[in-house]
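Q: Structure of the sequence below:
(2 chains)
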Amino acid sequence: MNETVNVRVFRGDAESGGWRDYAVEVEEGQVVLDVIHRIQATQAPDLAVRWNCKAGKCGSCSAEINGQPRLMCMTRMNLFAPGEPITVAPMKTWPLVRDLVTDVSFNYETAKTIPAFKPRPPEADGFWRMQQEDIERGQEFRKCIECFLCQDVCHVIRDHPANKAAFAGPRFFVRLAELEMHPLDTEDRLELARRDAGVGYCNITKCCTEVCPENIHITDNAIIPLKERVADRYFDPVRWLGGKLFGRRRP
Amino acid sequence: MPEYERHDYDVIVIGAGGAGLRAAIEASARGCRTALVCKSLLGKAHTVMAEGGIAAALGNVWPQDNWEVHFRDTMRGGKMLNNWRMAQLHAQEAPERVRELEEWGALFDRTNDGRILQRDFGGHRYARLAHVGDRTGLELIRTLQQHAVHKGIDVFMECTVTRLLKDGDRVSGAVAYWRESGNLVVFAAKAVVLATGGVGKAFAVTSNSWEYTGDGHALAYEAGAELIDMECVQFHPTGMVWPPSVRGILVTEGVRGDGGTLRNSDGERFMFDYIPDFFRAETADTVAEADAWYEDKENNRRTPDLLPRDEVARAINAEVKAGRGSPHGGVFLDIAARRPAEYIRRRLPSMYHQFKQLADVDITAQSMEVGPTMHYIMGGVRVDADTAATTVPGLFAAGECAGGMHGANRLGGNSLSDLVVFGRRAGMGAAADAAAVDAPAVDDAQVEAVAAEMNAPFAREDGEGPYDIQRDLQETMHTLAGIIRTEAELLEARERIAALRERAARVRVHGHRQYNPGWHLALDLPALLTVSEATARAANLRRESRGGHTRDDYPDPDDGWGGRNVVVRRGADGAMDVSTAPLPEMPAELRRLFEE
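A: All right, here's what the predicted structure looks like:
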């Protein structure tokens, strides 16, 4: 069953780099991350790759495989036709550290800007009551494994790095929507979503939804409702007039 | 003198899984300048892989449940080798820690009346595991991470600690390196919390991620701390067995908790043949009773499919050995026969996805093939139950790298609760300790020695790379110190580990220091070898079978051994010293819980 395939891997750092070809033996059932590990163990011990669980649960091994943002640990080698060229490249949107490893600190910095969950007071026994159907949307968003593939593919920052200062990206719209729809939360983050996170930049091309390994409906369930809530508050002419006449405080 | 950056803190926490995050949150809340130092990116630690749930006697599904029942289950599951005080604190405090997670934003699955739902798991008398489908670990780590981000904790990501620093008898900090640059970092700290997790990467088939190289165990050992129960290694009964590249990946016990049953190649529910006397009174002995239990838990006893993990793992091992295994060397686990597809997809979404994507198996229609996989080490750094203090001043440990809580076998769901109960206590202990001491001195000579050792693999002209050494160690531990052990094999394991140590001392690394995985592995090897040697030696000393330690040459439990921990420490001559110590004695008011 073992066969030898040719895999083209990006090698290099911020200064220089290029494709390197490796002939690798592949066993039945293997995934791209297995192949990268075999290259490490047999041909290139210093090939840099970030990974942890190898089970699709931690979101560390994000890369661009034949141009598609994917988790290396969940991409089976039998996805490729015999003889089909296979390329493995680092995520393009983030600064390159080395080989397949990128600097994803943008995401950790952005996470700090989102105000924490702030629950209403609990009931007498110290606990809260919530119905399952009221938390299911939030649970969908909390499936996010922070692989940052949605961020990588989003053209708002992929093609226009300058936008990073004004755009939090799909991962954080998911986070904002999650908090916004949390039955217990009392904090208002809509101004943040509009002004600092730049939800208006998204023009709903759904690329993020397509690459999400957790199949979160990022665009339909998170971004569009967030846009609607922002639009309701800030761009609804009736509300605007009401605000003018009755002096509703605009945050 | 090598150049390095230096940071001064009251408390540093090494490891950012559930225990490390919770410890850092606590130390910071108590006014300590706190750093969290972790090998990976934040939120990627092994906690993320926990599936089934967090055990806490909330009593939401079974009002009869309370901390005493949970305590009793935990001790019995651990074959009474547990530190009773840890098991007591754990059972008492777990409900409050679950409530706290909800306060910090966790969204657990709900009961019909809107409270936190709890599921059945092996060894727990009542449905006790708060959960989120089958991704409870992700929920726990993300909740703690999102809470910690706003608490003024400095996080050092992809920063690996290689050695603790000492100032006299006291721990005074740590030496680490940045993975990205390879540059040295020195932390001076009044107190250090170890929360580094386990040792799975010393074994060939494991559910553990790459980080699990025994770092905390080895750091503590090198600093003079004691390790206990290192022979007690948990093989989770249900790991994936096929295809080869996914061998060992966890299949949650929740599959059985939610209705899945084990069968051999003859289609038999073989677990009925493996009910030990210890659990006979509370376990169904006919298929009819076991099946009825799913619907009526008050009038039927539990299915033996949900015996504690050590029992189930040994049973599967025996079935495969007897030639009644599945085509790829496991047994069959089936939930499709009992539950509708929609239920399975809702309760076990990750399992559905994992089998579909990695093994082309649809678990809503087909059986899974499963077999034992190294999952957890009960043994670890010896700690004081209340403060998590180790036997070395200034050093604390919590979570998987600490020993005692789980005795000879951990119950499923007791790990996530362990992390938050004792993570918090370690943070409290470290904060109190840090408040009582002056800023420690950092000894440059110690730093220099560590730096020289770390750089040595680049300078060697010959010698082999680290990958083969790790693979040979994994094979050694798997075949000679694995699920079933004998004296002859354990002695051979020790010899082989000694030979691997010599190879590791000559390991050579190519390339440079910037994000070089070959070098990182080379630096992980000494810890892997230390924990492997500790396990092999302790396993050889304990001449009985108990929980996650099974001796083919001493197949029964022994009352004398049941009252003792095996203790590993570094001897005065630098060699590993293995001895025994009596268990702490349980007070009479708790002992009575076992007399019914």
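
Q: going forward, measure contacts and count neighbours with C-alpha atoms only.
A: Noted.

Q: where along the stretch 201-350 of chain B do the strands fall?
A: B:227-228, B:233-240, B:261-263, B:331-334 (DSSP state E, counting those that start in this stretch).

Q: So what are the sheet partners of the third one and their directions?
A: On the basis of DSSP bridges, the sheet neighbours of strand B:261-263 come out as strand B:331-334 (antiparallel).

Q: on that earlier part again, can you add mean neighbour count and mean pLDDT and give the strands of the stretch 201-350 of chain B back as JSON lines?
A: Formatted as JSON lines, these follow (neighbours: other C-alpha atoms under 10 Å in any protein chain shown; pLDDT from 0 to 100):
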{"stretch": "strand B:227-228", "mean neighbour count": "29", "mean pLDDT": "98"}
{"stretch": "strand B:233-240", "mean neighbour count": "28", "mean pLDDT": "97"}
{"stretch": "strand B:261-263", "mean neighbour count": "24", "mean pLDDT": "98"}
{"stretch": "strand B:331-334", "mean neighbour count": "25", "mean pLDDT": "98"}
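
Q: May I see those strands organised as TSV, with distance to residue B:248 added?
A: Formatted as TSV, the strands of the stretch 201-350 of chain B follow (distance: least, C-alpha to C-alpha, whole Å):
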stretch	distance to residue B:248
strand B:227-228	26
strand B:233-240	5
strand B:261-263	17
strand B:331-334	14
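
Q: The ones you listed: which one's closest to residue B:548?
A: strand B:233-240 (5.0 Å; C-alpha to C-alpha).

Q: Contacts for that closest one, please.
A: B:207, B:246-253, B:309-310, B:312-314, B:316, B:368-379, B:408-410, B:483, B:548-549 (C-alpha atoms under 8 Å, 6 or more residues apart in numbering or on different chains).

Q: Then stretch A:51-62?
A: With C-alpha under 8 Å, 6+ apart, stretch A:51-62 has contacts from A:33, A:49-50, A:69-74, A:90-91, A:145-149, B:40, B:43-46, B:48-49, B:138, B:208-211, B:246, B:249, B:354.

Q: which residues of chain A score low on pLDDT?
A: A:1, A:247-251 (pLDDT under 70).

Q: Going along the chain, name the strands of it.
A: A:3-12, A:17-26, A:62-65, A:68-71, A:86-89, A:96-98, A:101-102 (DSSP state E).

Q: For the first one, which helices and strands make contact with it?
A: The reference is to strand A:3-12. With contacts taken as 3 or more C-alpha pairs under 8 Å, 6 or more residues apart in numbering or on different chains; DSSP states H and E, strand A:3-12 sits against strand A:17-26, strand A:86-89.

Q: Kindly confirm my reading that residue B:560 forms part of a helix.
A: Yes. Looking at residue B:560 with DSSP: H, G, I helix; E, B strand; the rest coil, it is inside a helix.

Q: And for it, the neighbour number?
A: As a burial measure, residue B:560 scores 9 neighbours (other C-alpha atoms under 10 Å in any protein chain shown).

Q: distance of it from chain A?
A: Residue B:560 sits 40 Å away from chain A, taking C-alpha to the nearest C-alpha, to the nearest Å as the criterion.

Q: Can you name the residues of the stretch 451-596 of chain B that neighbour chain A?
A: The stretch 451-596 of chain B comes close to chain A at residues B:465, B:467, B:468, B:509, B:510, B:511, B:514, B:515, B:516, B:517, B:518, B:519, as judged by C-alpha under 8 Å from any C-alpha of the partner chain.

Q: Assumed the last one was part of a helix.
A: Yes. Counting by three-state DSSP, residue B:519 is found in a helix.

Q: List the residues that contact it.
A: A:46, B:457, B:466, B:509, B:510, B:513.

Q: how about those residues in a markdown table, adding neighbour count?
A: Compiled in a markdown table, the contacts of residue B:519 are given as follows (neighbours: other C-alpha atoms under 10 Å in any protein chain shown):
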| residue | neighbour count |
| --- | --- |
| A:46 | 22 |
| B:457 | 24 |
| B:466 | 26 |
| B:509 | 28 |
| B:510 | 16 |
| B:513 | 21 |
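
Q: which two from the residues you listed end up farthest apart in space?
A: Taking C-alpha to C-alpha as the measure, the contacts of residue B:519 span a maximum distance of 15.1 Å, between B:466 and B:513.

Q: what number of residues lie near residue A:43?
A: Neighbours of residue A:43 using other C-alpha under 10 Å come to 13.

Q: so who does the closest residue to residue B:270 other than its chain neighbours touch?
A: In this structure, residue B:270 finds its nearest non-sequential neighbour in residue B:263, 6.1 Å apart by C-alpha to C-alpha, 6 or more residues apart in numbering or on different chains. Residues in contact with residue B:263 (C-alpha under 8 Å, 6+ apart) are B:269, B:270, B:331, B:332, B:333, B:334.

Q: Distance to residue B:69 added to these, as TSV?
A: Below are the contacts of residue B:263 laid out as TSV (distance: C-alpha to C-alpha, whole Å):
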residue	distance to residue B:69
B:269	28
B:270	28
B:331	32
B:332	32
B:333	29
B:334	30
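
Q: who does the helix or strand hosting residue B:88 touch, helix- and strand-wise?
A: In the assignment (DSSP states H and E), residue B:88 maps to helix B:84-103. For helix B:84-103, the elements it packs on are helix B:67-77, helix B:136-148, helix B:414-435, judged by 3+ C-alpha pairs under 8 Å, 6+ apart.

Q: Chain A is nearest to which of those helices?
A: helix B:136-148 (6.7 Å; C-alpha to the nearest C-alpha).

Q: other SSEs contacting the closest one?
A: helix B:18-29, helix B:84-103.

Q: then that helix to CSV, C-alphas only?
A: C-alpha atoms of helix B:136-148 as CSV (Å, rounded to 0.1, in the frame of the first residue of the first chain):
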residue,chain,number,x,y,z
THR,B,136,-15.5,19.9,27.1
GLY,B,137,-11.8,20.5,27.3
LEU,B,138,-12.0,23.1,24.6
GLU,B,139,-14.7,24.9,26.5
LEU,B,140,-12.7,24.8,29.7
ILE,B,141,-9.4,26.0,28.2
ARG,B,142,-11.1,28.8,26.1
THR,B,143,-13.1,30.0,29.1
LEU,B,144,-10.0,30.2,31.3
GLN,B,145,-8.0,31.7,28.5
GLN,B,146,-10.6,34.4,27.7
HIS,B,147,-10.9,35.2,31.4
ALA,B,148,-7.1,35.3,32.0
